[in-house]
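Novice: have a look; sequence and predicted model below, questions after that.
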Amino acid sequence: MPISLERMIHFVPPNIEKMRAKVPDLVNKVDVVLGNLEDAIPADAKSDARNGFIQLARENEFGSTGLWTRVNCLNSPWFLDDVMEIVQTVGDKLDVVMLPKVEGAWDIHYLDQLLAQLEAKGGLGKPILIHAILETAEGVKNVEQIAAASPRMHGMSLGPADLAASRGMKTTRVGGGHPDYAVLSDSDNSGVRTAFQQDLWHYTVGKMVDACLSYGLKPFYGPFGDFSDPQACESQFRNAFLMGCLGAWSLHPSQIEIAKKVFSPDPAEVAFARKILDAMPDGTGAVMIDGKMQDDATWKQAKVIVDLAQLVSSKDKELAEVYGF
Ligand SMILES: CC(C)(COP(=O)(O)OP(=O)(O)OC[C@H]1O[C@@H](n2cnc3c(N)ncnc32)[C@H](O)[C@@H]1OP(=O)(O)O)[C@@H](O)C(=O)NCCC(=O)NCCSC(=O)C[C@H](O)C(=O)O
Ligand SMILES: [Mg+2]
């Protein structure tokens, strides 16, 4: 698995010329550029989107920025042409195929074999990876088998909008919380009761993170559709980050900085984590730092944070200075 920084997977609708023209600038701002061919692309613009993606892949150099595409789902009339045409034309530049509405290991097996055939036919030396979207009830039920389905598995993203529909949830949102999903405090003497809003996605994100980490894959939160509420977007992204996710989708330029802020570790946390590593050079024993006990397990947590800060620093020179690397 290549070690790459993927704090935000930035969605571009490649059928729109004006959006394609933004790619050279995006390459320097985001960690992953994704050409979206699936939902949000009108049915009569599917081949324009596919051709637009091939064009933007050909016309740009991506350097350390990832180039992904989200193809149409397996049971659509567009999937086969999406994969065949893209791999045969720009397969050498493509890092990851994001596959929507994955229901079980069989979906991954099919794409895995198709990619293998096309890679062999085209003489491609670098394997194209697969990223599954977890967005159906059946997919969530089968998440472990999906994670284990192929050595090409890069990771998974939560698709809260399709998952809500698949589960029959009574919402009309793309990710985020709902004011009615709350726990009511007990009544006190004055009769005042407070509703504490809960995270609708906690269970699924936890299940996805465990499945991914068990098989060496990367977990991601997906989209947050309310562009007018950057605070709620940041909060949803942060919950996912704290639970183990490495990034989220950005659908609008305003979400790029939010993802960058959230998925780059906090400088104060990095400084504290470095103190732990310095205090326990071989990672064993127990020491006290600022009144808090540290041992082998906190050393490992600290290592996760410092390793991530180092990875961020390799791309982001400003943050490298802040972290002191
Ligand atoms: C939703 C949008 C169509 C909104 O675009 P627009 O109306 O142009 O918004 P703004 O006027 O606010 O845009 C300001 C400028 O920014 C540019 N812009 C907008 N979006 C992007 C983008 N994604 N990348 C690059 N540049 C962008 C505009 O062109 C404006 O530029 P300028 O005129 O020069 O000032 C649009 O944001 C969009 O299409 N976003 C992607 C939507 C998408 O991909 N949706 C699908 C993913 S979510 C999903 O599928 C659900 C999931 O699967 C699940 O089940 O949960
Ligand atoms: Mg979806």
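Specialist: It's in. Ligands and ions are numbered 1, 2, ... in the order given.

Novice: where do the strands sit along the protein?
Specialist: Using DSSP state E, the strands of the chain run over 8-12, 32-36, 66-70, 96-99, 129-134, 153-158, 182-184, 195-197, 218-220, 248-250, 287-289, 292-294.

Novice: now the third one: how far from the chain's centre is it?
Specialist: Which is strand 66-70. Relative to its parent chain, strand 66-70 has a centroid offset of 12 Å by CA atoms, centre = their mean, to the nearest Å.

Novice: give me the residue from this protein nearest ligand 2.
Specialist: Of all residues in the chain, the one sitting closest to ligand 2 is residue 162 (3.5 Å; CB to the ion). Heads up, the C-betas are built off the backbone N, CA and C, glycines and all.

Novice: wait, that residue touches residue 100, no?
Specialist: Yes: under the criterion of CB atoms under 8 Å, residue 162 makes contact with residue 100 at 7.5 Å.

Novice: the two: which has the busier surroundings?
Specialist: Neighbours per residue (other CB atoms under 10 Å) separate residue 162 from residue 100, with residue 100 holding more: 26 against 21.

Novice: show me what contacts that one?
Specialist: For residue 100, the contact set (CB atoms under 8 Å, 6 or more residues apart in numbering) comprises 38-39, 70-73, 133, 135, 159, 162.

Novice: spatially nearest residue to the one residue sitting closest to the centre of the chain (excluding sequence neighbours)?
Specialist: The centroid of the chain falls nearest to residue 220 when counting by CA atoms, centre = their mean (3.1 Å). Leaving aside its chain neighbours, residue 220 sits nearest to residue 157 (4.2 Å; criterion: CB to CB, 6 or more residues apart in numbering).

Novice: what's the spacing between the one you found and ligand 1?
Specialist: As defined by CB to the nearest ligand atom, to the nearest Å, residue 157 lies at a distance of 8 Å from ligand 1.

Novice: next, the contact list for that residue, please.
Specialist: Counting by CB under 8 Å, 6+ apart, residue 157 makes contact with 9, 98, 131-134, 219-222, 249.

Novice: closest to residue 48 among these?
Specialist: Nearest to residue 48 among the contacts of residue 157: residue 98, at 19.1 Å, using CB to CB.

Novice: hey, what's the closest one bridged with?
Specialist: Legend: beta-bridge partners of residue 98 under DSSP bridges are residue 70, residue 131.

Novice: hang on, isn't it packed against residue 133?
Specialist: Yes: here residue 98 reaches residue 133: they are 6.5 Å apart, a contact under CB under 8 Å.

Novice: compare these two (neighbour count), which wins?
Specialist: Taking neighbours as other CB under 10 Å, residue 98 and residue 133 compare with residue 98 leading, 29 against 24.

Novice: pLDDT at that one, what is it?
Specialist: For residue 98, the pLDDT comes out at 99.

Novice: swap in the one 5 residues further on?
Specialist: As predicted, residue 103 sits at a pLDDT of 98.

Novice: state the distance from the spatially closest residue to it that is not a sequence neighbour to residue 291.
Specialist: Once flanking residues are discounted, residue 103 sits nearest to residue 138: 4.4 Å by CB to CB, 6+ apart. Taking CB to CB, to the nearest Å as the measure, residue 138 falls 48 Å from residue 291.

Novice: what of residue 29?
Specialist: Look at residue 29 and residue 291: by CB to CB, they are 40 Å apart.

Novice: how many neighbours does residue 199 have?
Specialist: Taking other CB under 10 Å as the criterion, the count of residues near residue 199 is 17.

Novice: ugh, typo on my part, it should be residue 93
Specialist: Counted by other CB under 10 Å, the residues lying close to residue 93 total 15.

Novice: pretty sure it contacts residue 67?
Specialist: Yes: if you go by CB under 8 Å, residue 93 and residue 67 touch, sitting 5.6 Å apart.

Novice: which residues do those two both contact?
Specialist: Contact with both residue 93 and residue 67 is made by residues residue 57, according to CB under 8 Å, 6+ apart.

Novice: distance to residue 53 for the contacts of residue 157 - can I get that in a markdown table?
Specialist: A markdown table is the format used below for the contacts of residue 157 (distance: CB to CB, whole Å):
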| residue | distance to residue 53 |
| --- | --- |
| 9 | 14 |
| 98 | 12 |
| 131 | 16 |
| 132 | 19 |
| 133 | 17 |
| 134 | 23 |
| 219 | 25 |
| 220 | 20 |
| 221 | 24 |
| 222 | 20 |
| 249 | 17 |
